[in-house]
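*Asks:* Attaching a predicted model along with its sequence, questions to come.
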Amino acid sequence: MKSRFSTEAGRVEAFSDGVIAVIITVMVLELKPPSGTDLHLLREILPTFAAYVLSFVFVGIYWNNHHHMLRASDGVDGRAMWANLHLLFWLSLVPFTTRWMGENPSAAGPTALYGFVLLMCGFAYTLLQNALQAVNGPDSAFTKAVQGDLKGKMSLAFYVCAIGLAFVSTILSDVLYVVVAITWFIPDRRFESVISGRG
């Protein structure tokens, strides 16, 4: 029989899955076809499509790791639920910044704002992780699994650098965004032993 905490964690995960599905749907609806029918006109939307692909990967990464993190947790509390909503808020801004950057690929402002939203998503994910550590306790398998989150800290540092570099070269910023996505493309394996240990 499921505990109250595991049931609540399941509800949080289901709600989050729904929101993330809407975010992805909004992003794809923002893709507009070329003005004509010639295939060469597809070049007009390549920056927008590239921004969409990058954002799709980022949202997918959050969805995947969010799923594993909640499954590894013994439950959620009010603080964790608010932290989860905080994460979803910043993720919900990804479609807006994706379109703005895609339509203005060489402009510093849209590229920097895109990085800022990614930075806040990463920060919000860290806050949720910390809130779940408090739920599970300092000596829990969950807390031990998330100690020394080097990849998470590195990602935040890369976002900060990318925001600053946007005013020097948007291409360098884009490269950093892609690098972060590549480092997270392989799902976070820290929680697998915690989940498998529960049988």
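*Replies:* Alright, I've got the coordinates. What you see is a predicted model, and the numbers here were worked out from it, not measured in a lab.

*Asks:* pLDDT-wise, which helix or strand of the protein ranks last?
*Replies:* Lowest by mean pLDDT, DSSP states H and E among the helices and strands of the chain is helix 192-196, with a mean of 69.

*Asks:* contacting residues around the residue nearest to the spatial centre of the chain?
*Replies:* When CA atoms, centre = their mean is applied to the chain, the residue found nearest the centroid is Tyr62 (3.8 Å). Neighbouring residues of Tyr62 by CB atoms under 8 Å, 6 or more residues apart in numbering: Ile20, Leu87, Leu91, Cys121, Tyr125. Placement of C-beta: from N, CA and C, glycine included.

*Asks:* how about 10 Å then?
*Replies:* 16, 20, 23, 87-88, 90-91, 94, 121-122, 124-125, 184 (CB atoms under 10 Å, 6 or more residues apart in numbering).

*Asks:* Which of the residues you listed fall in helices?
*Replies:* 16, 20, 23, 87-88, 90-91, 94, 121-122, 124-125, 184 (DSSP state H).

*Asks:* residues near the residue nearest to Val28 when sequence neighbours are not counted, how many?
*Replies:* Among residues not flanking Val28 along the chain, Tyr52 sits closest, at 7.1 Å (CB to CB, 6 or more residues apart in numbering). Other residues within reach of Tyr52, judged by other CB atoms under 10 Å, total 20.

*Asks:* again, but for Glu30
*Replies:* Applying other CB under 10 Å, we find 18 residues neighbouring Glu30.

*Asks:* Backbone dihedrals for it, please?
*Replies:* Per-residue torsions, Glu30: phi -80, psi -10 (degrees, to the nearest 10).

*Asks:* quick one: the residue nearest to Val28 and Tyr62, what's the gap?
*Replies:* Distance of Tyr52 to Tyr62, given as CB to CB, to the nearest Å: 16 Å.
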